[in-house]
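Peer 1: My questions are about this predicted structure, shown below with the sequence.
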Amino acid sequence: MGEIKTFQDAVPLLRSIVMPATYGDEIAGDTPISRPTLPFLREYVVLYFPDGYVHLNRKMLADWGFTDDVEVAFEISQAFMRTIGKQMLTQPAPRTRPALIEVGDPSNSFGSSNLITQGWLAAATEVLGTPTVAFLPAPGMCTLAIGFNESMMPDLFAHVLEKYQRAEVKLSPCLYTAVEGEVVAYRGEPGSAAWKAARFADVRLAIDSYSRQAERLEQAYADDDDVFIASLTGYVDDTDTARTVATWTHYIPTTLLPKADEINFVIVDNDGTGGILFCADWDVVAAHVDLTPVDGIDPPRYAVGAHPDAAVMNRLATLAKPEEIPPHLRYSPTPDQP
């Protein structure tokens, strides 16, 4: 680091890595520069040295007299990653299909970074000459799955989930594909077994990401009794589809809600008893209540206070499905309650 005196000195060393969205919160010192990429993941710019890498941060840029937009650093690192990515696609493709191809070097994180390198997955699909999906359960290698048809996808998802669960640093249990050059999560035909497996992976990633975030936020708000960090939970509905749920409890001054498929509206009485009033889809609630994300929090959270007024609550209740709430979880007022 002592030899780097200007941004131009740093340019040949700039690289991109992909890490969990909460990763930057775990880095001591100045917050590293990052930007969102795939859901629950972020791209970080690092300075790569033979013995490791150093995260780029705004203090470094200021010390170097760099005054341009930080996007310049991302553009430069992406250019280097495209060159590296092309080199990684020179190995011959397996003749047998389906097959898994590991791309990258286990000693660094650049293999998994290929997935967020602009155009790389689309180029890999073209080079391999077959529909290709990719996965990155942990930093390091990016694995390409070639020749897998939709009926094989549930087993492939199970394979990725097993690797994800064993990883020390977990990236994603999802599969990704290129659509019009852009990397998106693989979905499958709606309602199919592949689609349900994809939904399960989405839910697992969301729950794990918000859980890691909650640990940090609970520490940050440890001395503030007026702020509650709501958890994200999940369940599998009667169509075998995984869904996420956040809980909005009345009387709490501020709740930081994670983004979810559904919101449980809960009341807790003075004696500690209570239950769920109703459960409504997030989009339905958002159409009637101002749900604004809190600045600087990724994955996003939404600050809410007491429940909306009676007119809004009554409207939401008519759009909810109270029969889906198990009887033992429903709100039952104590005798002294109205």
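Peer 2: Thanks, I have it.
Peer 1: Any chance you could list what contacts the worst-scoring helix or strand of the chain on mean pLDDT?
Peer 2: Lowest on mean pLDDT, DSSP states H and E among the helices and strands of the chain sits helix 110-113, with a mean of 85. Identification of contacts with helix 110-113 by C-beta atoms under 8 Å, 6 or more residues apart in numbering yields 15-18, 43, 81, 84, 88, 102-105, 136, 138-142, 171. In short, each C-beta sits where N, CA and C put it, glycine included.
Peer 1: how does it look with 10 Å?
Peer 2: When contacts are defined by C-beta atoms under 10 Å, 6 or more residues apart in numbering, helix 110-113 is touched by residues 15-19, 37, 41, 43-44, 46, 48, 53, 77-78, 80-81, 84-85, 88, 102-105, 117, 120, 134-143, 171-172.
Peer 1: Ok, stretch 58-73 next?
Peer 2: Contacts of stretch 58-73 (C-beta under 10 Å, 6+ apart): 1, 4-11, 14, 16, 29-35, 45, 47, 54, 56-57, 75.
Peer 1: pull the longest helix from the chain.
Peer 2: For the chain, the helix that runs over the most residues, judged by DSSP state H, is helix 193-220.
Peer 1: What's the mean pLDDT across whatever helix or strand comes next after it?
Peer 2: Once helix 193-220 ends, the next helix or strand along the chain (criterion: DSSP states H and E) is strand 227-229. Per-residue pLDDT over strand 227-229 has a mean of 96.
Peer 1: Equivalent analysis for stretch 208-218, please.
Peer 2: For stretch 208-218, the mean pLDDT works out to 95.
Peer 1: Kindly provide the distance from Asp281 to Asp223.
Peer 2: Distance of Asp281 to Asp223, computed by C-beta to C-beta, to the nearest Å: 35 Å.
Peer 1: residue closest to the middle of the protein?
Peer 2: Phe40 (1.5 Å; C-alpha atoms, centre = their mean).
Peer 1: Going along the chain, name the helices of the stretch 201-338 of the chain.
Peer 2: All helices of the stretch 201-338 of the chain, identified by DSSP state H, counting those that start in this stretch, fall at 282-286, 310-319.
Peer 1: Remind me what the longest one packs against, helices and strands.
Peer 2: Translated: helix 310-319. Judged by 3 or more C-beta pairs under 10 Å, 6 or more residues apart in numbering; DSSP states H and E, the packing partners of helix 310-319 are strand 262-268, strand 274-281, helix 282-286.
Peer 1: one step back: for the longest helix of the chain, buried residues please.
Peer 2: For helix 193-220, the neighbour count (16 or more other C-beta atoms under 10 Å) marks 193-210, 212-214, 217 as buried.
Peer 1: Against which helices or strands is it packed?
Peer 2: For helix 193-220, where contacts count as 3+ C-beta pairs under 10 Å, 6+ apart, the packed elements are strand 14-20, helix 153-166, strand 182-185, strand 227-229, strand 232-236, strand 242-249, strand 254-258, strand 301-304.
Peer 1: how about these, which one is nearest Pro92?
Peer 2: Taking C-beta to C-beta, helix 153-166 is the member of the helices and strands packed on helix 193-220 nearest to Pro92, at 22.2 Å.
Peer 1: List the contacts of the closest one.
Peer 2: Helix 153-166 has contacts (C-beta under 10 Å, 6+ apart) with 98, 100, 133, 135-138, 141, 143, 145, 148, 170-175, 186-188, 192-198, 200-201, 204-205, 208.
Peer 1: how far off helix 193-220 does it point, in degrees?
Peer 2: 20 degrees (axes from the mean of the first three to the mean of the last three C-alpha atoms, to 10 degrees).
Peer 1: Tell me the bridge partners for Val236.
Peer 2: Beta-bridge pairing of Val236 under DSSP bridges involves Ala242.
Peer 1: hang on, it packs against Val203?
Peer 2: Yes. Val236 is within contact range of Val203, at 8.8 Å (criterion: C-beta atoms under 10 Å).
Peer 1: which neighbours do the two share?
Peer 2: Ala242, Arg243.
Peer 1: So the residue nearest to the centre of the chain versus Pro98, what's the distance?
Peer 2: On the measure of C-beta to C-beta, Phe40 and Pro98 end up 27 Å apart.
Peer 1: again with Asn149
Peer 2: Counting by C-beta to C-beta, the gap from Asn149 to Pro98 is 8 Å.
Peer 1: Please say which of these two ends up with more neighbours.
Peer 2: Neighbours were counted for Asn149 and for Pro98 using other C-beta atoms under 10 Å; Pro98 has more, 13 against 10.
Peer 1: Name all residues that make contact with the more buried one.
Peer 2: Contacts of Pro98 by C-beta under 10 Å, 6+ apart are Thr130, Ala145, Ile146, Gly147, Phe148, Asn149, Met152, Leu156.
Peer 1: Same check on Tyr186?
Peer 2: 133-135, 145, 148, 150, 153, 156-157, 174-177, 179, 194-195, 197-198, 201 are the contacts of Tyr186 under C-beta under 10 Å, 6+ apart.
Peer 1: nearest residue to it other than its sequence neighbours?
Peer 2: Closest residue to Tyr186 apart from its sequence neighbours, by C-beta to C-beta, 6 or more residues apart in numbering: Leu175 at 4.0 Å.
Peer 1: pretty sure the one you found is touching Glu150, no?
Peer 2: No. Judged on C-beta under 10 Å, Leu175 makes no contact with Glu150 at a distance of 11.4 Å.
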